[in-house]
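Participant: pasted the sequence and its predicted model underneath.
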Amino acid sequence: MRYSGLRVLVEGLRGNRGWRPAWHRPEPKDAYDMVVIGGGGHGLSTAYYLARNHGVKSVAVLEKGWLGSGNIGRNTTIVRANYFLPGNSEFYSHSLKLWEGLESALNYNVMHSQRGLINLFHSDGQRDAFARRGNAMINQGDDAILLDPDGVREHLPWLDFENVRFPIYGGLLHPRGGTARHDAVAWGYARAASRLGVDIIENCEVTGIRVEGGKAKAVTTSLGEIAAKKVAIVVAGRSSEVAAMAGLTLPIESHVLQAFVTEGLKPCIDHVVSFGMGHFYISQSDKGGLVFGGDIDFYASYAARGNLPMAEHVMEAAMTLMPMIGRARVLRSWGGIMDMSPDGSPIIDRTPVEGLYLNCGWNYGGFKAVPASGWCLAHLMATGESHEVARRFRLDRFATGHLLDEEGTGSQHNLH
Ligand SMILES: Cc1cc2nc3c(=O)[nH]c(=O)nc-3n(C[C@H](O)[C@H](O)[C@H](O)COP(=O)(O)OP(=O)(O)OC[C@H]3O[C@@H](n4cnc5c(N)ncnc54)[C@H](O)[C@@H]3O)c2cc1C
């Protein structure tokens, strides 16, 4: 069933009795050509592009919970292509282009909203760094505009410009940056993949990976063993645990990232805004809630929930930047488990086990990467070659020292 305005009209006149489930819920088969472990954004997009771009007919996505239960349904929905380093910049640029055609490709409204993103800076040194970043973005073919304080004031008059400690010196505007509805992205990819014959199997936890003679042969699951010619581990915060099932140790630490949303307010924040002197960023959802977040928890953990010290840390940054937020009531907070890599950049690569692939290390920025990540992993699995925009996302860079350290903070997971 294709979705369209006409379909909404017709179904409205017929009492909405004709809608069908968005994706099939098949029983797992005994064997597939390709099995993707993890039904988050990256796993679903990998399966979709395997079927759509490469015509792979026999693909299953195995998800231990329900679609949208992981980080894909927990993030703060920011989509941008403002990376600086070669390796990252072409990848995220490719991803943003895919976002721009995603709704028609999937025939699904993912509410992609290019409302513009402004990164604030608060010193001369930071301005120089953002000017360089803006130039890199423009050289990459993306968009960037350096704003002085008056330029920022035009867009965001409600900020505290005269803050004694952190005065606002300007901002880097990325007009094509913005947001999308997070869980709709999972549903849209699931529906489109299912229409191409991908089996999406929820409530199917992978509990083991059978490796024989150095080759991945099958996965054991809560629904029985499933054989596969190729297996991809795409489980975000659980990457180390699942890779360990094949005897692999990953350079990944799992940390919690929290987010917060206020009660619904009238429209007051048009853009995505990020503070330059602390980790704080904010946007307003279409329902009116102010959605914001900040740093990850500094210690490793698998607890997908929030805690008060980090809540206080984020609220302090919020109040410093925009004291008016103190009048809004926080409705809820939540946490997701981030797969933090030592250099803050992802891994899309083969593993030393033949037929076993890895997609992880998205840190707190993997939502925007969902289209290109699936595109590139599908390319690698189907053709045996890394896609040109993901060539540097190699697993062995942590051994060879070819790091992709976007933040320049060194190889420490909790600093990226
Ligand atoms: C609070 C928060 C804010 C964020 N904000 C942003 C943002 O604004 N912009 C941005 O770009 N990124 C953001 N991110 C990061 C982004 O959400 C993640 O990087 C991305 O969603 C991770 O990929 P995924 O969607 O595939 O992960 P997930 O949705 O977590 O998918 C992994 C799936 O694997 C499944 N799984 C795990 N183990 C097994 C197993 N053994 N068997 C079967 N299935 C298994 C899990 O149940 C899960 O559904 C944020 C994250 C959080 C938590």
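Facilitator: Looks like it came in fine. Residues are numbered from 1 along each chain as shown.
Participant: where do the helices sit along the stretch 151-300 of the chain?
Facilitator: 182-195, 239-244 (DSSP state H, counting those that start in this stretch).
Participant: just these: most buried one?
Facilitator: The highest average neighbour count among those, using mean count of other CB atoms under 10 Å, belongs to helix 182-195 at a mean of 24. In short, each C-beta sits where N, CA and C put it, glycine included.
Participant: ok, the residue of the stretch 1-150 of the chain found nearest the ligand - contacts?
Facilitator: Here the stretch 1-150 of the chain gets closest to the ligand at one residue, Gly40, 1.9 Å apart by CB to the nearest ligand atom. Residues counted as contacts of Gly40 (CB atoms under 8 Å, 6 or more residues apart in numbering) are 63, 70-72, 186, 234-236.
Participant: of those, which are in range of the ligand?
Facilitator: Filtering these for proximity to the ligand by CB under 6 Å from any ligand atom leaves 63, 70-72, 234-236.
Participant: between those residues, which sits nearest Arg2?
Facilitator: The closest of the ones next to the ligand among the contacts of Gly40 to Arg2 turns out to be Ile72 (CB to CB; 23.8 Å).
Participant: please report phi then psi for the closest one.
Facilitator: phi -60, psi -30 (degrees, to the nearest 10).
Participant: how about it, what does it touch?
Facilitator: 40-41, 182-183, 185-186, 367, 370.
Participant: how about JSON lines for these, with pLDDT added?
Facilitator: Shown next, in JSON lines, are those (pLDDT from 0 to 100):
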{"residue": "Gly40", "pLDDT": "98"}
{"residue": "Gly41", "pLDDT": "98"}
{"residue": "His182", "pLDDT": "97"}
{"residue": "Asp183", "pLDDT": "95"}
{"residue": "Val185", "pLDDT": "98"}
{"residue": "Ala186", "pLDDT": "98"}
{"residue": "Phe367", "pLDDT": "98"}
{"residue": "Val370", "pLDDT": "98"}
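Participant: between those, which is closest to the ligand?
Facilitator: Gly40 (1.9 Å).
Participant: how far away is the closest one from Thr76?
Facilitator: 15 Å (CB to CB, to the nearest Å).
Participant: ok, now Ser240?
Facilitator: From Ser240 to Thr76 the distance is 24 Å (CB to CB).
Participant: which residue is the nearest non-sequential neighbour of Asn307?
Facilitator: Asp297 (7.0 Å; CB to CB, 6 or more residues apart in numbering).
Participant: swap that for Lys57, please
Facilitator: That would be Gly197: by CB to CB, 6+ apart, it lies 6.0 Å from Lys57.
Participant: picking that back up, JSON lines please, covering the helices of the stretch 151-300 of the chain and showing distance to Leu96.
Facilitator: Converted to JSON lines, the helices of the stretch 151-300 of the chain look like this (distance: least, CB to CB, whole Å):
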{"stretch": "helix 182-195", "distance to Leu96": "14"}
{"stretch": "helix 239-244", "distance to Leu96": "25"}
